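In: sequence first, predicted coordinates after that:
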Amino acid sequence: MPTLPDPVMADPGRCARIAPVRHRVIMTLIAAAAVGGFVFVFTQPRQVGVGLKPAAVESVFPEGGHLNLRQVTIKADLAPGHTGYLLLDGVEVPRDDLQIVDALNTVTLQALPGSDYAALEPGPHCATIVYRRIGSPESDSGSYRWCFSLA
C-alpha cells in the first residue's frame with residue numbers, strides 16, 4: 001500500500017503560513033473578549049453616592065451595586081423619628097404595595113398579588129427612599145437613591 005506524503009514535508013512553507021493566521025485569530029478573539037469585558041463592567045448599575053448616605057438613612061437593602069435574586073426584599077431602614085416611601089426606577093410605589101412601620105422606621109416593598117411590583121424584571125434597577133421626619137410636611141423631604149441588579 002502506497003503511503004501518502006506528509007503535507008508538511010511536501011510543502012515546508014505551509015507551517016510558516018498557518019502559524020501567523022492562527023496567531024492573528026487568537027489575538028482577535030482575546031481583544032474581542034477584553035472589549036466585551038470592559039463594556040460589561042462599565043454598563044453595570046452603580047450606587048449613587050457610595051458611602052454618602054444621609055444621616056436619616058441607616059441602611060438600604062439590597063445593597064447598591066450587588067446582583068440579587070428577583071425575590072429579594074427592597075427595604076430602607078431610616079433613623080429614629082423618620083418615615084418615607086419608595087420609588088422604583090423613578091416611579092412612586094403605590095402605598096398599598098409598601099409596608100411602612102413608623103415604630104421601626106422601615107419602609108419595605110411588599111407588593112400585593114397582581115401588582116406591577118409583585119414580580120420585578122431581571123436587570124438593573126434603582127430605588128429611591130423619600131424620607132422626612134414623622135409629623136413634618138412632605139415638602140420637607142429628602143431622598144437617597146441606590147441601584148442594584150436582579151437576576
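Out: Structure received. Residues are numbered from 1 along each chain as shown.

In: which is the next helix or strand following the lowest-mean-pLDDT helix or strand in the chain?
Out: In the chain, no helix or strand scores lower on mean pLDDT, DSSP states H and E than strand 67-68, which sits at a mean of 54. Using DSSP states H and E, the next helix or strand after strand 67-68 towards the C-terminus is strand 75-78.

In: for that next one, list the C-alpha coordinates in PDB.
Out: What follows is strand 75-78 as a C-alpha-only set of coordinates in PDB (Å, rounded to 0.1, in the frame of the first residue of the first chain):
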ATOM      1  CA  LYS A  75     -36.200  47.900  52.100                       C
ATOM      2  CA  ALA A  76     -34.900  51.100  53.700                       C
ATOM      3  CA  ASP A  77     -34.200  51.400  57.400                       C
ATOM      4  CA  LEU A  78     -34.500  55.000  58.500                       C
END
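
In: partners of it, with directions?
Out: strand 57-61 (antiparallel), strand 106-109 (antiparallel) (DSSP bridges).

In: redo the ones you listed as CSV? Include mean pLDDT.
Out: Converted to CSV, the strands paired with strand 75-78 look like this (pLDDT from 0 to 100):
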stretch, mean pLDDT
strand 57-61, 90
strand 106-109, 92
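
In: okay, buried residues for the longest strand seen in the chain please.
Out: In terms of residue count, the longest strand belonging to the chain (DSSP state E) is strand 123-133. Within strand 123-133, the residues that count as buried by 16 or more other CB atoms under 10 Å are 125-133. C-beta here means a position set from N, CA and C on the backbone, and glycine is covered the same way.

In: ditto for stretch 135-143
Out: residue 141.

In: how long is that stretch end to end?
Out: Its start and end residues considered, stretch 135-143 measures 17 Å (CA to CA, to the nearest Å).

In: what is the rounded mean pLDDT of it?
Out: Per-residue pLDDT over stretch 135-143 has a mean of 90.
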